[in-house]
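Novice: sequence isn't available, so here's the structure alone:
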């Protein structure tokens, strides 16, 4: 498992591999069993919510002074990397 985040320009989902990366108190446990397919594995989506990447955007105040807030992030513990969709950033 990695703490790195990939920017994905293909059709997929925003994903984190550790619920501790989500905004504190925002985690919602999944009500239904849903899975993502990764190569030959099926991994359980345990929940979803909001992720805040602190100080990664530039603002008038200077470089790296604004947070990036991503909604509708799924949590798949044990996935090898975190994924952010490029289309969601526009």
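Specialist: Cool, got the structure. Predicted model, so just to flag it, every value in this text is computed and none were measured. Numbering: from 1, shown residues only.
Novice: quick check: buried residues in stretch 13-22?
Specialist: Buried residues in stretch 13-22, counting neighbours by 16 or more other C-beta atoms under 10 Å, are found at 13, 14, 15, 16, 17, 19, 22. All C-beta atoms are positioned from the backbone trio N, CA, C, and that covers glycine.
Novice: which of those lies closest to residue 79?
Specialist: Among the buried residues of stretch 13-22, residue 17 lies closest to residue 79 (C-beta to C-beta), at 4.1 Å.
Novice: could you report the separation of the closest one from residue 60?
Specialist: 34 Å (C-beta to C-beta, to the nearest Å).
Novice: please apply the same query to residue 27.
Specialist: 33 Å.
Novice: over to residue 31?
Specialist: Distance from residue 31 to residue 60, by C-beta to C-beta: 42 Å.
Novice: sort out for me which of the buried residues of stretch 13-22 are in strands.
Specialist: 15, 16 (DSSP state E).
Novice: kindly reformat the buried residues of stretch 13-22 as CSV containing distance to residue 65 and pLDDT.
Specialist: Shown next, in CSV, are the buried residues of stretch 13-22 (distance: C-beta to C-beta, whole Å; pLDDT from 0 to 100):
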residue, distance to residue 65, pLDDT
13, 28, 79
14, 23, 84
15, 26, 88
16, 23, 87
17, 27, 88
19, 27, 83
22, 22, 80
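Novice: alright, calling it a day.
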